[in-house]
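> kindly generate the corresponding structure for this input.
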Amino acid sequence: MAAGTMLSFEEALKALGIDPSAGPKGAKEAYESLMGPGLSPKLEKRLNEAFDLLKNPRVWAGGGGGSTAVEVGTAVEAEARLFATVRSTPEVAGALERLGKEHPEVIDVGDLAAALDAGATDGAAGLIRALLQKGHVAAGADSLRVLFGLMATFKTVEWLKARTAVRLLLVAYGCDTECQHTQLINRALTALQQWKAAVGDVRFGYEGAAARGLTWATEISKMPEGVHKTIRLAIAQAASRGDLSRARVDVERFVRKDAVAAAASKKLLDRRADVTRAIYDLLPSPAVAEENASSVQMPDVALATWAKMGLVVCILGVAGHLFFGGDKELDATQVQLHHAKEQLCQALGERTAGCVFAGAIQQNLSQGQCGGVERLLSELGHQLKDYNDRRGGVVVGDKQEGAADAQNVFSAIHLMLCVRTQGGAEAEPPAPEE
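Below is the predicted model of the structure:
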């Protein structure tokens, strides 16, 4: 570093996180421990400037005083602040470096340190939210845990507002679609509770969004593992938006799809909890769910769906009879098969394997060829499961619901034409055209 640096002796000490007694050797050790991959160019430049100054033994003469000290800057204050910058505080710098080593592919320590050093409250919130929304739940949860722990230690800093901290924690629960990182998120919740205890209820907030959200996060963390992930995710995602009633729509859909699983989850939930009270009345009792399941004749198709389809078929049949004569009546089964295939291809995509299987099922059932249809239905089921898993396992939207209903139409017609009839062996259907 050329002479005439703008860094003072005091600023160089703070940059490396050392005191006036460290000497050139201590400066070198601090510099080597702080340098590493992931630093932003601005932070790397500051560390280089500090070490270039402090590696010179003459600078340390008189504890930074003397003529040399006057040349490079002012003397060290009698008592340094508890926290100045991220890199000048070894405990903070070390925690961030460890975080970067645990998640080297997704966390840029330099960007995170720069966001914290900028001094703006919630400056790091965007980085953590982006991690969670991209599916890096473990990295996001660990980042929250580290920041909460540091804010509990350095009570004067507030990198995240209490409300933002709680919201990010709830987003983490809502983004954990497979419930694989629950323990990591729970550790972040524990760190958040410790921060709240360190700064006090007045600063954190006795009531309001932060306190309410913390209660919800605590209740979600205590949900038994047996609660179905669809219910857990619906609650967490609604809580992250600040409105638990939003969970009701997704839970209602889930009850229609799998009442037995919903009833099993109800047995594990505490109806007194805030997050449970919002959806508890939608969940059926086990006895009712089993009775309804045993009385359903058509597999898993909502009555409203069949009613609409039946009405359409009746109208088309009457119209065909009136205008074209009785010999040209529309075949209701053919209409249903065609509609089901179109619904599946619209949801899955025209060039997907699922659409190919749907076309093969339509062709074989239309021709009364039952052999192999059960295998095709199984393959179609796997394609739909992958399709739903990519969307978090929650069936939401017209396309997803239409695909599920279309699968049930195929199953019902197969049951009617092939399983319940006593015909002879059918020929093996032709292989679907890719």
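> low-confidence regions, the chain specifically.
1-7, 58-85, 87-88, 206-207, 287-331, 389-400, 420-434 (pLDDT under 70).
> residue 174: helix or strand, and which one exactly?
Here residue 174, judged by DSSP states H and E, is contained in helix 162-175.
> how far does that helix sit from its chain's centre?
11 Å (CA atoms, centre = their mean, to the nearest Å).
> over to stretch 215-230?
15 Å.
> I'd like the numbering to begin with 255 instead of 1 from here.
Renumbered: residue one is now 255, and that last one reads stretch 469-484.
> dump it to CSV, keeping only the CA atoms.
Provided in CSV are the C-alpha atoms of stretch 469-484 (Å, rounded to 0.1, in the frame of the first residue of the first chain):
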residue,chain,number,x,y,z
THR,A,469,-47.0,-17.2,18.9
TRP,A,470,-48.0,-18.7,15.5
ALA,A,471,-44.4,-19.8,14.8
THR,A,472,-44.1,-21.4,18.2
GLU,A,473,-47.4,-23.3,17.7
ILE,A,474,-46.3,-24.5,14.2
SER,A,475,-43.0,-25.8,15.7
LYS,A,476,-44.9,-27.9,18.2
MET,A,477,-47.2,-29.6,15.6
PRO,A,478,-46.8,-33.4,15.8
GLU,A,479,-44.9,-35.0,12.9
GLY,A,480,-48.0,-37.0,12.0
VAL,A,481,-49.9,-33.9,10.8
HIS,A,482,-50.2,-34.1,7.0
LYS,A,483,-47.7,-31.8,5.3
THR,A,484,-50.5,-30.2,3.2
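> picking up where we left off before, and the helix holding residue 428, what does it pack against?
Counting contacts by 3 or more CB pairs under 8 Å, 6 or more residues apart in numbering; DSSP states H and E, helix 416-429 is packed against helix 379-387, helix 391-407, helix 436-453, helix 463-475, helix 483-494. All C-beta atoms are positioned from the backbone trio N, CA, C, and that covers glycine.
> export it as PDB, just CAs?
Backbone C-alpha positions of helix 416-429 (Å, rounded to 0.1, in the frame of the first residue of the first chain) are rendered in PDB as follows:
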ATOM      1  CA  ALA A 416     -38.900  -7.800  15.200                       C
ATOM      2  CA  ARG A 417     -41.900  -8.000  12.800                       C
ATOM      3  CA  THR A 418     -39.600  -8.700   9.800                       C
ATOM      4  CA  ALA A 419     -37.700 -11.400  11.800                       C
ATOM      5  CA  VAL A 420     -40.900 -13.200  12.700                       C
ATOM      6  CA  ARG A 421     -42.300 -13.000   9.200                       C
ATOM      7  CA  LEU A 422     -39.100 -14.500   7.700                       C
ATOM      8  CA  LEU A 423     -39.300 -17.300  10.100                       C
ATOM      9  CA  LEU A 424     -42.900 -18.100   9.100                       C
ATOM     10  CA  VAL A 425     -41.800 -17.900   5.400                       C
ATOM     11  CA  ALA A 426     -39.200 -20.500   6.200                       C
ATOM     12  CA  TYR A 427     -41.900 -22.900   7.600                       C
ATOM     13  CA  GLY A 428     -44.000 -22.200   4.600                       C
ATOM     14  CA  CYS A 429     -41.200 -22.900   2.100                       C
END
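> residues in contact with the most centrally placed residue in the chain?
Nearest to the mean C-alpha position of the chain, by CA atoms, centre = their mean, lies residue 429 at 1.3 Å. Applying CB atoms under 8 Å, 6 or more residues apart in numbering to residue 429 gives the contacts 386, 387, 389, 391, 394.
> got it, and residue 285?
Contacts of residue 285 by CB under 8 Å, 6+ apart are 270, 301, 304, 305.
> top of those by number of neighbours, please.
residue 304 (28 neighbours; other CB atoms under 10 Å).
> great, nothing more from me.
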